[in-house]
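**Q** Next input, structure requested:
(chains A and B)
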Amino acid sequence: MNVHVENTSAMLSQDKPLALAILAMGGQGGGVLADWIVDLAEGEGWVAQTTSVPGVAQRTGATIYYLELLKAREGVEPVLALMPTPGDVDVVLAAELMEAGRSVLRGLVTPEKTMLIASTHRSYAVGEKEKPGDGTGNPTVVVDATDFAAKKTIAFDMDTLAVKNGSVISASMFGALCASGALPFTKEAFEATVRKGGKGVEASLRAFNAAYERVLKGGNDKLSAEPGKTFAPLPAKAGHPALDKLLARIRNEFPATIHAMLYAGVKKLTDFQDPAYANEYLDEVARLYSADRTNGGEAKDFAFTAQAAKYVAIAMAYDDVIRVADLKTRATRFDRVKKEVGVKADQLLYTTEYMHPRMEEVCGTLPKALGRWIENRPGLFNWLNRRIDKGRRVKTGTLFWFTGLYFVSALRRFRRGSLRHAIETEHRQAWVGEALRLLPKNYDLAVEILGNRRLVKGYSDTHSRGLSKFDRVMSALPKLADREDGAAWMRRLRQAALLDENGTALDGALKTVATL
Amino acid sequence: MAERSFAREVEDLKLKDGDIFRGEGILAITKALLQSGVSYVGGYQGSPISHLMDVLADAKDVMEELGIHFETSASEAAAAAMLSASVMYPVRGAVTWKSTAGTNVASDALSNLSSGGVTGGALIIIGEDFGEGSSIMQERSHAFAMKSQMWLMTPRPNLPSIVEAVEKGFELSEASNTPVMLQVGIRSCHVHGHFVAKDNKRPEYTLKEALENPRRDVNRIVLPPASFVHEKEKLEKRWPAAVNFVRENRLNEFFGPDEGEIGIVLQGGVYNGAMRALQHLGLADVYGNCRVPLYVMNVSYPMVDEELIAFAEGKKAILMVEEGAPEYIEHTLHALFRRRDIATKISGKDVLPLGGEYTTPVLIKGFGTFIETHAPALLGNRPPVPNPEPVLSDPKVKALAEVVPPRPAGFCTGCPERPIFAAMKLVEKELGEHHVSADIGCHLFSILPPFNIGGTTMGYGLGPASASAFNVEAGKRSISVMGDGGFWHNGLATSVGNAVFNKQDGVILVVDNYYSAATGGQDIMSSRALNPRRKTNNSIVNAVKGIGATWVRQIDRTYDVAKMRDTLKEALTTKEPGPKIIVASSECMLNKQRRVKPQFAKAVKDGKRMVKERFGVDEDVCTGDHACIRLSGCPSLSVKHTDDPLKDDPVAAIDNSCVGCGNCGEVSEAAVLCPSFYRADVIHNPTGWDRFAHRIRAAVIGWLQKRRDAGRIVFAD
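**A** Alright, predicted model coming up:
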């Protein structure tokens, strides 16, 4: 204190500090990056100040680190601010795509000033990932906003690039900052700062340089609103007569626009059961296609058939115990887990599956009549259920459990006679029947009815909840059947059903529909 | 073991006279304490001064060398009471806590301390924040200074000013026989800067000397008639002494021209922001030169009337910049000017917001209005003020509001509290929703999605007490949650004792994660670690039984969701009267990882057989309903889009940050979710037997897999 500054009101200096804001989430190393920048600037004879709100950062919350840098001048000490002023930030470093969006929303990014360096990878927030449907935010909205708001944007997946180089995102962001030219310091000075850090230097430098090169290469990563789906092109031959017959059917009986989806369906169902089952699928879609044609489908690009090709396949490949046992015991699955977990040659891997079978699942796997017979005797059912209904930790890599699962998966050949198959088939026929019934009357609505199958998913309680949502959405049909905008309403209902677990949003939407 | 180690930085505390200290604000404060000849230091952790406690703990050796006693106090009340040592003896003491939460807890001791007054310097370092820096209710510590007649320092937020405030604070305290509060904000605690160090000082008078030569003086005890005398002393002796000290030592500062039409009065803490605002208005530069007279109150209480009157002289108007509500200083100014018949206009909260953080844009706006009203000529050639408005009002940016998700702090990866609330969710599904009283601590994150559990929070260790009104006959019981930190801070007597005594028919859930986790993982009474300097490993169960609780259950692995669920159900339905206490214990994962990771790495390096666990999701099996996420919210359990054209919704996915806590598996088992989760055990350094067994298994399994693949007619991938 007691510092009495000379009265120099006549001549105010025009010097301005460089202002940098780092937007990161807890655990992303935003603090490390801030410290590097401070070290770098101080090493180059600048005054550097950084501040943060660390409590939030520790626990995955979004937080801001703020820095001001100013070339030191003899005899004077700068007064630096402790938080960013919207509209007055030179560089914004965002360690995740939505954090880049947040920086724009907070006014930190402006077209006159701001260089925005953002990693395009996503780390989904709880609100996004807890939705029963797809609650993830649309990345293109962020790209549109950042492209508009920033003077220049450098945006690519700095997280993946860092991980590939055995390091963390702070290193690749530091490299991007260096290459951006936003700071008047040499690359050597940047690298010397990383070296001084002492920990994981080589990996950090690799990530630093990879990001540096990536920026020099130019161009930002392209992001898309629709998640990319891979459609394998319909092959000419599959190498087995049964399979070739399926391919020929697709090629000869259906319009070319639907071939890829049909092939995906056929592939899934041969894998689920056998080629004959896939053939049944084609029979079903063919039946719907013929109805499509007689109801003016051609003018609609056979949207009904396309929708059917997708959802009939999904409905036919229902998730049962046999399917789970099959998927869990495959050699490809063993390899995939190995790769995902990153097992080295001198290490061994075992997996434990968390399964909780109930009597419902057992009955579903039994022959239809037997399953029904047990289900109709609650005393017996409950007695058996007490023995079945518990969590089981299945060690798939051991012989006892593997052979157990292997045996269950071998029940595949009896699947068509199982109670579950009967239930699924019945449900499917009722659902497709509704769509067919409405097709002549309201084509678009019929397409939406097929799309409602998206609501049925999961196992046990989740499955029942899905079925109930499906039923509730379908309950609006009488109201919507005669309306021109019936399809749009049906789509809205389905979207509402995917918003929350209990269907609160759906109830609201149904009430609205009731008032139509 | 605290979250962050300052072992390296503590070396800087040994810097000598003339050395340049470079580092964070909290370290500077510690260094200043050592330079001031402090005898004892205590406190209770909490943002923003948590790290100050950690630095002090890590600086134990430096402090011992200087003969300083350091204590992690059981609560802020204990810390404040500790200052009693300075009442009779000329020893300097400093304590620290988060304000106003901690000051509330400490206020009983502070009132008594202020009444009797101190002989040795007593300094209370408090953290207070408004806006995004604050995690608690927004109140002002200023009120405590006024009501108890303690002094409040609010130094400018740079290291030299803060360091000097510590040193001068002790002197002020001694000169006026009054405890002094030194207020800092979270950003100044963590601001990186530098100052010129001085040598550390040994206390001139030691605690040992005091203990061996006890003194007492009835006049210093808060008991009539002495307490009546204290009242007089405070107003007639200590207050003027303080004002004189502040004036003589020029603790408050004047900047800018000596004269002017207008002037700005501000608390030290907002100085940097105010200077930046003036810079944007073309009235100051980055080196502290300024065209408007400024009076900076590094001491916010007591106000030095004469300095303000002199400052106002010849000015048309002054602006009082005072963060937080209500505007105590502004009120006092008005009273002063009215009494003295001073015509200078006082502006303040008429142009500045009543509450909230005084950010640069807020100050630019307030200063602008003030100057335009009273001295518009000053604003002649101003540069354009930074204005994000055109950007923010663009539809492209507005669209962001719909997309950018809120990201509040939440449970960490592998947090042992997550399964507790997953279990509560499952119980909720069976028995319906209950009234849940929450407390202070990490577990309060349960109020956020995906759990949405917890109705109120009343204070540290007060969760069960805040459910005490619900001790009536009803079809449901109340549930109250309290952390181990809150339990030892206040909860044992105030919540559990109260519940036992009043036969409170509710469920008390004590979340025991072995640390005061929310404030950075400091050890507490029931910490399981061996702490050579403290007595840890004191059982919560024994404590509650010791004060008469009878229905007590200990769960030693919170990840056992089924057991957690069943125990909760039992507690909610048992016929037994009185509080039903569940102590749910598992180590804070953040701390555990810090402890275990190096040990694991070392064991692997030494060739020991070690098993590393993590979880995964079979994406073929996952149907994208995300029920698992709604019972977890773990940062490592996320979603990913697949390229499978037959899957509409993203599937669950677990990333590499998974620590294998087991919650995913337990939850999917207890809630009967889908079987897509698996635990992957990677055996490092397998033994000969491991390898042999694995060879046999792989051979048989491989043969079976080949056999089946051969019989399968499928399309090639």
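
**Q** quick one: pLDDT of A:Val432?
**A** For A:Val432, the pLDDT comes out at 98.

**Q** and whatever helix or strand it lives in, which residues are buried?
**A** Assigning secondary structure by DSSP states H and E places A:Val432 in helix A:419-438. By neighbour count on 16 or more other C-beta atoms under 10 Å in any protein chain shown, the buried set for helix A:419-438 is A:419-422, A:424, A:427-428, A:431-432, A:434-436, A:438. In short, each C-beta sits where N, CA and C put it, glycine included.

**Q** Do I have it right that A:Leu67 meets A:Leu20?
**A** Yes - shown here, A:Leu67 and A:Leu20 form a contact pair, counting by C-beta atoms under 8 Å, at 4.4 Å.

**Q** shared neighbours, the two?
**A** A:Ile37 (C-beta atoms under 8 Å, 6 or more residues apart in numbering or on different chains).

**Q** Show the contacting residues for the residue nearest in space to the middle of chain A.
**A** The centre of chain A sits closest to A:Thr136, judged by C-alpha atoms, centre = their mean, with a distance of 6.7 Å. A:Thr136 makes contact with A:Arg122, A:Tyr124, A:Glu128, A:Lys129, B:Val639, B:His641, B:Pro650, according to C-beta under 8 Å, 6+ apart.

**Q** Sort out for me which of these are in strands.
**A** Of the positions in the contacts of A:Thr136, B:Val639 sit in strands, assigned by DSSP state E.

**Q** Show me which of the contacts of A:Thr136 is closest to B:Leu278.
**A** When the contacts of A:Thr136 are ranked by distance to B:Leu278 (C-beta to C-beta), A:Arg122 comes first, at 41.1 Å.

**Q** Share the number of residues neighbouring the closest one, please.
**A** By other C-beta atoms under 10 Å in any protein chain shown, 21 other residues sit near A:Arg122.

**Q** Check the gap between the residue lying closest to it once chain neighbours are set aside and A:Leu161 for me.
**A** The shortest distance from A:Arg122 to any non-neighbouring residue, by C-beta to C-beta, 6 or more residues apart in numbering or on different chains, is to A:Leu97 (5.6 Å). From A:Leu97 over to A:Leu161 the distance is 14 Å, taken as C-beta to C-beta, to the nearest Å.

**Q** In the stretch 51-200 of chain B, what residue lies closest to chain A?
**A** In the stretch 51-200 of chain B, the residue that lies nearest chain A is B:Arg187 (4.1 Å; C-beta to the nearest C-beta).

**Q** need the contact list for A:Trp401.
**A** A:Trp401 makes contact with A:Val394, A:Lys395 under the criterion C-beta under 8 Å, 6+ apart.

**Q** Would you mind listing the buried residues in the helix or strand harbouring it?
**A** A:Trp401 is part of helix A:399-410, with elements assigned from DSSP H and E. Buried residues in helix A:399-410, counted by 16+ other C-beta under 10 Å: A:Trp401, A:Phe402, A:Gly404, A:Leu405, A:Tyr406, A:Val408, A:Ser409, A:Ala410.

**Q** show me the contacts for the last one.
**A** Taking C-beta under 8 Å, 6+ apart as the definition of contact, the neighbours of A:Ala410 are B:Arg708.

**Q** tell me the domain ranges of chain B?
**A** B:9-248, B:253-389, B:418-591, B:604-710 (automatic domain parsing).

**Q** From one end of the first one to the other, what's the distance?
**A** For domain B:9-248, the first and last residues are 35 Å from each other (C-alpha to C-alpha, to the nearest Å).

**Q** Show me what counts as buried in stretch B:144-159.
**A** In stretch B:144-159, counting by 16+ other C-beta under 10 Å, buried: B:144-146, B:148-159.

**Q** Kindly identify which of those also come near chain A.
**A** Among the buried residues of stretch B:144-159, proximity to chain A is found for B:Pro155, B:Arg156, B:Pro157, B:Asn158 (C-beta under 8 Å from any C-beta of the partner chain).

**Q** now the helix or strand where B:Met146 lies, how far from the chain's geometric center?
**A** Under the criterion of DSSP H and E, B:Met146 resides in helix B:142-148. Chain-centre distance of helix B:142-148: 22 Å, with C-alpha atoms, centre = their mean, to the nearest Å.

**Q** could you say what helices and strands it packs with?
**A** Applying 3 or more C-beta pairs under 8 Å, 6 or more residues apart in numbering or on different chains; DSSP states H and E, we find helix B:142-148 packed against helix B:101-116, strand B:151-153, strand B:299-301, helix B:328-340.

**Q** for chain B, which spans come out with low pLDDT?
**A** B:1-3 (pLDDT under 70).

**Q** Give me the longest helix you can find in it.
**A** Across chain B, the longest stretch assigned as helix under DSSP state H is helix B:688-710.

**Q** now it against helix A:399-410, angle please.
**A** Orientation check (axes from the mean of the first three to the mean of the last three C-alpha atoms, to 10 degrees): helix B:688-710 against helix A:399-410 gives 10 degrees.
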